[in-house]
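1. Next one to model:
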Amino acid sequence: MKHKAYPAIIGENVSIGENVTIKDGCVIGDNVTIADGSYIDYNVIIRDHVCIGKRSFVGANCILGEYQADFFDGFAADEKHVLDIGERALIRSGSILYSGSAIGKQFQTGHRVTIREHATIGDSVSVGTLSDIQGHCKIGNYVRMHSNVHIGQKSNIENYVWIFPYVILTNDPTPPSYALKGVTLKAFSVIATGSILLPGITVEGDSLVAAGAVVTKDVKQGDVVGGNPAKVISHVSRIKNHVTGESVYPWRYTFKRGMPWEESDYDTWYAKAVQQSDGL
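-> Predicted coordinates for the structure are as follows:
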């Protein structure tokens, strides 16, 4: 038995680049840009004012540019609510990205990720399956989030931060209230599985929050904190690899997969980056 194909529905003022694939069942709104070499899988909904960079992949049943709350007042989208996605994105099936966010190049999600409005996300960020970014937050470059992570509004995550599964960044000191205070994670910090960080906490760079910690106070640079409530239990310089016995932290000297220093080492890459910056 042959099944009927339902071709894509494409709105007005849509710019589609060269070598773009759009599979059956897609609905593409007005004023959308899909750049060269992109692949839009089956049944994707791309609402008005979405821009997708070159060579991007959007998996089946995704929604890009989802409506914000003000849409439901009169069922009219505000054309100021733009979703901009950089080149070489890999957005896996079932993910929903709201309008009003800006996402850098080489962005990657797992399946069924939700990213709410007014999120600013840098380059080479990955967000794991079933993670939830509640918008109104800032995320830097090369941030790695594993599955089932919750990022509360007003969170500020700097470059090269690792967030492992089931981590929760909270934001309401006296729930329920309107006075939200986001968590700040400084560059190169690591937040291990199942940790909960309370509103307004700052985790300084090169520190480690141990698995299952409930963090109620700021974490100083290089400290290892654990427990409920979390307390300082070590310094990162004392932590050894359980397999090799070698020192692990600062992790940028022992791990480089997917990082900009992958082809050399951190110090070499950093020196070159500074030199190039000085030459501008």
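
2. Now for residue 140: which residues touch it?
-> Residue 140 makes contacts with 122, 125, 157, 158, 159, 160, 161, 187, as judged by Cβ atoms under 8 Å, 6 or more residues apart in numbering. Backbone N, C-alpha and C define where each C-beta goes, glycine included.

3. wait, which of those is closest to residue 243?
-> Nearest to residue 243 out of those is residue 160 (Cβ to Cβ; 23.1 Å).

4. From residue 199, how far off is that closest one?
-> 24 Å (Cβ to Cβ, to the nearest Å).

5. coming back round to it: and the contacts of residue 140 as JSON lines, adding neighbour count?
-> Below are the contacts of residue 140 laid out as JSON lines (neighbours: other Cβ atoms under 10 Å):
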{"residue": "122", "neighbour count": "21"}
{"residue": "125", "neighbour count": "24"}
{"residue": "157", "neighbour count": "28"}
{"residue": "158", "neighbour count": "19"}
{"residue": "159", "neighbour count": "17"}
{"residue": "160", "neighbour count": "23"}
{"residue": "161", "neighbour count": "23"}
{"residue": "187", "neighbour count": "17"}
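
6. Farthest-apart pair in these, please.
-> 125 and 187 (13.7 Å).

7. wait, doesn't residue 108 sit right on residue 88?
-> No: counting by Cβ atoms under 8 Å, residue 88 is not a contact partner of residue 108; they are 9.0 Å apart.

8. Domain-wise, how is this protein divided?
-> The chain breaks down by automatic domain parsing into domains covering 9-244, 250-280.

9. Same list (those domains) but as TSV, adding mean pLDDT.
-> Shown next, in TSV, are the domains of the chain (pLDDT from 0 to 100):
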stretch	mean pLDDT
domain 9-244	96
domain 250-280	90
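
10. Please identify the most buried of these.
-> domain 9-244 (a mean of 19; mean count of other Cβ atoms under 10 Å).

11. Tell me how far residue 92 lies from residue 62.
-> For residue 92 relative to residue 62 (Cβ to Cβ), the value is 8 Å.

12. ok, residue 178 to residue 41 distance?
-> 40 Å.

13. Kindly report the same for residue 63.
-> 13 Å.

14. Same check on residue 97?
-> Applying Cβ to Cβ to residue 97 and residue 41 gives a distance of 15 Å.

15. what does residue 76 give?
-> Residue 76 sits 29 Å away from residue 41, going by Cβ to Cβ.

16. what sits against the spatially closest residue to residue 55 that is not a sequence neighbour?
-> What sits nearest to residue 55 in space, not counting adjacent residues and going by Cβ to Cβ, 6 or more residues apart in numbering, is residue 37, at 4.1 Å. By Cβ under 8 Å, 6+ apart, the contact list for residue 37 reads 17, 18, 19, 20, 54, 55.

17. what about residue 37, distance to residue 19?
-> Where residue 19 is concerned, residue 37 sits at a distance of 5 Å (Cβ to Cβ).

18. What segments of the stretch 151-280 of the chain are helices?
-> With helices called from DSSP state H, counting those that start in this stretch, the stretch 151-280 of the chain shows them at 266-278.

19. now do the stretch 1-150 of the chain
-> 71-74.

20. quick one: residue 165 and residue 195 touch, right?
-> No: assessed by Cβ under 8 Å, residue 165 is found out of contact with residue 195, at 10.1 Å.
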